[in-house]
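# give me a model of this one.
(one chain, ligands or ions: 1)
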Amino acid sequence: MTGSEGSTSLSAREAARLLRQRLEMGGGELFLDGMTRDEVLQQAARALTDQESDGGGGFDRNEVSAPGGLGSAAVAPEAARVTKGVSEEAAVAPSLLPDDYEALREMAMACTRCGLSSGRTRVVFSDGPSAARLMVVGEAPGANEDASGVPFVGMAGQFLDLLLATVALSRQDSVYIANVLKCRPPGNRDPQPDEIAACSPFLLKQIDLVKPRALLAVGSFSARLLTGREGVALGKLRGTVHTYHGVPLVVTYHPAALLRNRRWIRLFWEDLQLLRSVIDDS
Ligand code: URA
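All right, here's what the predicted structure looks like:
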């Protein structure tokens with residue numbers, strides 16, 4: 001977890017443990033959308049008290065409400081289909097980029113390949129250890145990331161950290177995070193095709209060099225890039241294990257979308273279970 005734990009006495013790791021325990025013991029649903037980080041942590045602290053007082057009843061943890069009929073794949077990782085990403089041949093060959101990680105990073109830090117370079121404060125290359133088992137791929141930096149140079153440090157990123165902690169993953173030791181775009185699009189608009197074409201070779205080279213055991217694409221831009229399924233809705237891509245250059249790839253919703261649509265929080269959590277099983281099997 002990046003940043004301080006603030007004034008709350010509950011750590012994010014502890015909060016994540018309580019949330020996971022609550023789900024496993026059949027506690028009621030928690031709706032976290034629209035909350036500040038401290039409120040999320042306080043809600044998690046309250047979950048323990050609720051769990052003790054409500055006897056843990058009233059919630060079937062096997063119940064799946066997965067729009068689009070993808071729930072069975074999402075809750076039964078062992079039954080998930082394994083598909084080969086059609087992007088594997090079509091992916092931009094990052095052949096002109098250096099094979100040395102530090103050299104690649106330095107090249108990205110000085111990049112002026114697209115118009116986003118003129119408006120950026122910082123290039124946002126990555127966070128987490130480059131020997132990580134899991135690589136998470138997001139969309140593009142927002143205002144907080146542009147200011148700090150670190151991906152996923154805003155509200156969505158803190159929520160992502162909390163959810164990753166529920167499956168014992170953290171950017172402190174096991175998760176490397178990068179984005180499709182390394183510079184912030186103005187006003188947080190969607191990445192444009194020319195920007196993706198200019199910037200994504202850096203990401204693809206990062207994947208080649210980091211060699212993660214698994215990939216998690218959050219949001220439709222990274223999901224489409226890594227699966228090669230242009231124009232396919234995210235809901236149709238999730239719930240199954242794809243591969244990118246031989247690396248197992250799970251795709252799911254962007255954490256910022258979860259903060260807007262609380263029904264996706266559970267689907268995201270199910271995708272994390274699928275991811276965890278992929279990592280454990282690798
Ligand atoms: N959203 C992303 O996709 N990436 C970030 O780094 C921050 C927010």
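
# what residues of stretch 251-265 count as buried?
Taking 16 or more other C-beta atoms under 10 Å as the neighbour-count basis, stretch 251-265 is seen to contain the buried residues Val251, Thr252, Tyr253, His254, Pro255, Ala256, Ala257, Leu258, Leu259, Trp264, Ile265. Glycine gets a C-beta too; all of them are placed from N, C-alpha and C.

# and those, which two are furthest apart?
Maximum pairwise distance among the buried residues of stretch 251-265 (C-beta to C-beta): 18.4 Å, between Val251 and Leu259.

# return the nearest residue of the stretch 101-250 of the chain with respect to the ligand.
The minimum distance from the stretch 101-250 of the chain to the ligand, using C-beta to the nearest ligand atom, falls at Gly138 (3.0 Å).

# surely that residue touches Asn179?
Yes: proximity of Gly138 to Asn179 meets the contact threshold set by C-beta atoms under 8 Å, at 4.6 Å.

# joint contacts of these two?
Pro151, Ser222 (C-beta atoms under 8 Å, 6 or more residues apart in numbering).

# ok, Gln172 - how many residues close by?
The local packing of Gln172 (other C-beta atoms under 10 Å) involves 14 other residues.

# got the contact list for Asp194?
Shown in contact with Asp194 (C-beta under 8 Å, 6+ apart): Cys114.

# around the ligand, pick out the residues from the protein.
By C-beta under 6 Å from any ligand atom, the part of the chain that sits against the ligand consists of 124, 138-142, 145, 151-152, 154, 156-157, 179, 219.

# between the buried residues of stretch 251-265, which sits nearest Leu275?
Of all the buried residues of stretch 251-265, Thr252 has the smallest distance to Leu275: 8.1 Å, by C-beta to C-beta.

# tell me where the stretch 51-200 of the chain has strands.
For the stretch 51-200 of the chain, strands defined by DSSP state E, counting those that start in this stretch occupy the ranges 134-138, 175-179.

# can you list these in CSV and add mean neighbour count, distance to Lys211 and mean pLDDT?
Formatted as CSV, those follow (neighbours: other C-beta atoms under 10 Å; distance: least, C-beta to C-beta, whole Å; pLDDT from 0 to 100):
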stretch, mean neighbour count, distance to Lys211, mean pLDDT
strand 134-138, 27, 9, 98
strand 175-179, 24, 10, 98
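
# of these, which is nearest Arg105?
Of all the strands of the stretch 51-200 of the chain, strand 175-179 comes closest under C-beta to C-beta, at 10.5 Å.

# tell me what angle that closest one forms with strand 134-138.
Counting by axes from the mean of the first three to the mean of the last three C-alpha atoms, to 10 degrees, strand 175-179 lies at 20 degrees to strand 134-138.

# number of nearby residues for Asp99?
Using other C-beta under 10 Å, Asp99 has 11 neighbouring residues.

# actually Val232, sorry about that
By other C-beta under 10 Å, the residues close to Val232 number 14.

# list the contacts for Gly157?
Thr2, Asn144, Glu145, Pro151, Pro255.

# who's in contact with Arg276?
Val167, Ala168, Leu169.

# and stretch 256-275, what's its mean pLDDT?
Per-region confidence: stretch 256-275 scores 93 on mean pLDDT.

# do stretch 192-205 as well
On average, stretch 192-205 scores 97.

# now do the helices in the stretch 151-282 of the chain.
Assigned helices in the stretch 151-282 of the chain, in chain order: 155-165, 193-210, 220-227, 234-237, 255-260, 263-281 (criterion: DSSP state H, counting those that start in this stretch).

# so the last one versus helix 155-165, what angle?
This means helix 263-281. Angle of helix 263-281 versus helix 155-165, following the same axes, to 10 degrees, is 50 degrees.

# hey, C-alpha coordinates of helix 263-281 in PDB?
Provided in PDB are the C-alpha atoms of helix 263-281 (Å, rounded to 0.1, in the frame of the first residue of the first chain):
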ATOM      1  CA  ARG A 263     -22.300  -4.400  -8.600                       C
ATOM      2  CA  TRP A 264     -19.000  -4.900 -10.300                       C
ATOM      3  CA  ILE A 265     -17.100  -5.100  -7.000                       C
ATOM      4  CA  ARG A 266     -18.100  -8.700  -6.500                       C
ATOM      5  CA  LEU A 267     -17.300  -9.600 -10.100                       C
ATOM      6  CA  PHE A 268     -13.900  -8.000  -9.700                       C
ATOM      7  CA  TRP A 269     -13.300 -10.000  -6.600                       C
ATOM      8  CA  GLU A 270     -14.300 -13.200  -8.400                       C
ATOM      9  CA  ASP A 271     -11.800 -12.300 -11.100                       C
ATOM     10  CA  LEU A 272      -9.200 -12.000  -8.400                       C
ATOM     11  CA  GLN A 273     -10.000 -15.500  -7.200                       C
ATOM     12  CA  LEU A 274      -9.400 -16.700 -10.800                       C
ATOM     13  CA  LEU A 275      -6.100 -14.800 -10.900                       C
ATOM     14  CA  ARG A 276      -5.000 -16.200  -7.600                       C
ATOM     15  CA  SER A 277      -5.700 -19.800  -8.800                       C
ATOM     16  CA  VAL A 278      -3.700 -19.100 -11.900                       C
ATOM     17  CA  ILE A 279      -0.700 -17.800  -9.900                       C
ATOM     18  CA  ASP A 280      -0.900 -20.700  -7.400                       C
ATOM     19  CA  ASP A 281      -0.900 -23.200 -10.300                       C
END
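
# having no further points to raise, I will conclude here.
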